[in-house]
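**Q** Requesting a structural model of the entry that follows:
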Amino acid sequence: MSAITYDVKTNGKVQPTDKEQADIARAFENTPPVFQLLSQLRTRRFGRGFTYETGEEEIHPATGLPQLLPEGEFKYKSTVDPTPLTEVQEALVLWAAGGPNGQIVMDLPCGVDMATFLCVAGRTIPGPCNDSQVHFFLVNDRGTFFWKPTRKREKPVEIEGPDDYYKILQWYRDGLVQLSDRRIDLSWGVPNRLMGAWQWNFNKPGTSIIIPVGEIALEQINLLLTFYEWAGWYIVDDDGEPNVGADFLREHPKLTLPYPHKKFEELCLQASDYVVGHAIGNAKLAAEALGLGYWNFCGFAEDLVLGSLPEIANGLGFKYNEVNGQRYSIGREDVFESWGYPAPWWDSIDELVDSVVDYRYGKKGDFFGKGGPSGSDLDELPFKREQLESFRGNPRLRYEDWTIEAVKRDVRHNVEKYGRYPVNFSPMQCNFMIQLHNVDSAYYDKFYVPGYITDRIRNQDATWH
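**A** Next up is the predicted model:
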């Protein structure tokens, strides 16, 4: 059974220093409004301590790999030492990317599949069925981390004013799990430019890298429950045969609409990807507000970053399955584990599907009751007590036995035929990340017309350091 939990250990309430409190207050109260930030939103890739086209070979400090750009028209070597983000800055950007922000409204009635929700803790980003399955890895000068903030929520809006500002640091400190005291072993110099030909200054000292990883299989299996029970859809393979089997289909005449498995998995992949897009967009706005440089990018080898190419780099150290010569990342045990199959933490397909079904119930079996595997509950929020008691026992908040059996048949068909689930891609996806740094304004002053460097960037040291 999957070992991952969302119980976050804490050493007590964080007490920010006066400067930390003032810095968080500045971010919430004295940064430009969103429309002004959107007008200034700009990628600024060149940071303190960076180089371009010097014609000199460099040895990357994180990987030890050589890298060389021939001398060119944009030759520049920063004369400013790398300046890491402050802890408060890093905490603010991570929070913007996908941190706690209260309890979801959950405004679906029982009669339209309210049971589809997988988590009731709100974040600054959405998620299909609020699955909360996009998590973040953080790389900085202190090492490589996994960020898993609490799913406990205290009120509809967690940060209402200065008395709540401490939570930004609380969630950051309590949620960080250190995986290594070193930076991830990736740079521009890995063979065949597998990190992308454009990432010359990637993973250099002073940078903070946020790597979102989306887990798809939990929601994919969850969505099967809805399709079979509520929509009357059934999934068919390339040959047009139902994944549940012809006999099962005849026994359940309410299943009337065949839906291709490839299309179904494409839908699930896109549903996860848009969440990552929201996270990166939020991080960009936060960086702009704080006067930080950044660039967000794709175009790298996902397997390399996740750890499925250990002969080149360890990456994030994920386990993987290999089927017909192709590798499928399944997660890092006891850190971030997928709901795909097979995986060492699942004994059977029945256990996997039952665990997805049970994900929305507490220890006593009540709908989002306390102690459930999602790490979130409805006992205090968002409903009034009498309303919660009136609907919590509604039978529509439980999927019927035949539905659960249909999902088990569907998953089993794919595992027996293709050796894995999901079939067409890894349950863990990582195709987009963002690097943050302090900008070297002198580079832009030398090569660019005025207007690209804001006062927030120029005043970075006086404001934050």
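**Q** Neighbours of residue 365, how many?
**A** Residues near residue 365, counting by other CB atoms under 10 Å, number 10. For the C-beta atoms, the positions are set from N, CA and C on the backbone; glycine is no exception.
**Q** do residue 283 as well
**A** Residue 283 - counted by other CB under 10 Å - has 27 other residues nearby.
**Q** That one: what's it in contact with?
**A** Residue 283 makes contact with 93-94, 96-97, 210, 294, 296, 434, 436, according to CB atoms under 8 Å, 6 or more residues apart in numbering.
**Q** again, but for residue 207
**A** Residue 207 makes contacts with 47, 82, 84, 139-140, 201, 435-437, as judged by CB under 8 Å, 6+ apart.
**Q** Adding neighbour count and secondary structure, write the residues you listed out as CSV.
**A** As requested, those are exported to CSV (neighbours: other CB atoms under 10 Å; DSSP: H, G, I helix; E, B strand; the rest coil):
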residue, neighbour count, secondary structure
47, 26, strand
82, 18, coil
84, 19, coil
139, 24, strand
140, 19, strand
201, 21, coil
435, 23, strand
436, 26, strand
437, 28, strand
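**Q** re the thing from before, just the ones in strands from the contacts of residue 283, please.
**A** 210, 294, 296, 434, 436 (DSSP state E).
**Q** Of these, just say which sits nearest to residue 228.
**A** residue 210 (36.7 Å; CB to CB).
**Q** Nearest residue to that closest one in space, please, no chain neighbours.
**A** residue 434 (5.2 Å; CB to CB, 6 or more residues apart in numbering).
**Q** From residue 292, how far out is that neighbour?
**A** 10 Å (CB to CB, to the nearest Å).
**Q** Then residue 178?
**A** 23 Å.
**Q** higher neighbour count, those two?
**A** residue 292 (26 against 11).
**Q** and the gap between that one and residue 344?
**A** From residue 292 over to residue 344 (counting by CB to CB), the distance is 39 Å.
**Q** ok, and for stretch 335-349, which residues are buried?
**A** Buried residues in stretch 335-349, counting neighbours by 16 or more other CB atoms under 10 Å, are found at 335-343, 345-346, 349.
**Q** And stretch 290-304, by the same measure?
**A** Buried, per 16+ other CB under 10 Å, within stretch 290-304: 290-297, 300-304.
**Q** quick revisit: which ones among the buried residues of stretch 335-349 lie within helices?
**A** Using DSSP state H, the subset of the buried residues of stretch 335-349 located in helices is residue 349.
**Q** if we take the buried residues of stretch 335-349, which one ends up nearest to residue 410?
**A** residue 349 (9.8 Å).
**Q** from memory that closest one sits against residue 408, does it?
**A** Yes. Using CB atoms under 8 Å, residue 349 is in contact with residue 408, at 6.0 Å.
**Q** Below-threshold pLDDT in this structure: ranges please.
**A** By pLDDT under 70, the weakly predicted segments of the chain are 1-11.
**Q** Please repeat the previous calculation with a cut-off of 90.
**A** 1-12, 324-325 (pLDDT under 90).
**Q** can you give me the helices for it?
**A** 18-29, 34-40, 87-98, 166-175, 217-226, 246-251, 261-290, 302-306, 349-358, 385-391, 401-418, 441-447, 455-458, 460-464.
**Q** Pull the number of nearby residues for residue 125.
**A** Applying other CB under 10 Å, we find 22 residues neighbouring residue 125.
**Q** Repeat that for the one 3 residues further on.
**A** The criterion is other CB under 10 Å. On that basis, residue 128 has 21 neighbouring residues.
**Q** pretty sure it is touching residue 275, no?
**A** Yes. At 7.5 Å, residue 128 and residue 275 qualify as touching, with contact defined as CB under 8 Å.
**Q** ok so, going back, wait, which of the buried residues of stretch 335-349 is closest to residue 357?
**A** residue 339 (11.8 Å).
**Q** Now for that closest one: which residues touch it?
**A** 2, 215, 217-218, 220-221, 352, 355-356, 427.
**Q** try 6 Å
**A** With CB atoms under 6 Å, 6 or more residues apart in numbering as the criterion, the residues that contact residue 339 are 217-218.
**Q** and the gap between it and residue 118?
**A** Counting by CB to CB - residue 339 and residue 118 are separated by 10 Å.
**Q** got it, and residue 351?
**A** Residue 351 is 17 Å from residue 118, by CB to CB.
**Q** For the two, indicate the residue with more neighbours.
**A** Set residue 351 next to residue 118 and count neighbours by other CB under 10 Å: residue 118 wins out with 22 against 14.
**Q** I'd say the more buried one and residue 129 touch.
**A** Yes. Judged on CB atoms under 6 Å, residue 118 makes contact with residue 129 at a distance of 5.1 Å.
**Q** okay, and the common contacts of those two?
**A** residue 222.
**Q** List the contacts of residue 300.
**A** Contacts of residue 300 by CB under 6 Å, 6+ apart are 195-196.
**Q** got it, and residue 53?
**A** Contacts of residue 53 (CB under 6 Å, 6+ apart): 69, 71-72, 74-75.
**Q** As TSV, these with distance to residue 161 would be great.
**A** Conversion of the contacts of residue 53 to TSV gives the following (distance: CB to CB, whole Å):
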residue	distance to residue 161
69	49
71	54
72	51
74	46
75	49
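**Q** out of those residues, which is most surrounded?
**A** Highest neighbour count within these, by other CB under 10 Å: residue 69, with 17 neighbours.
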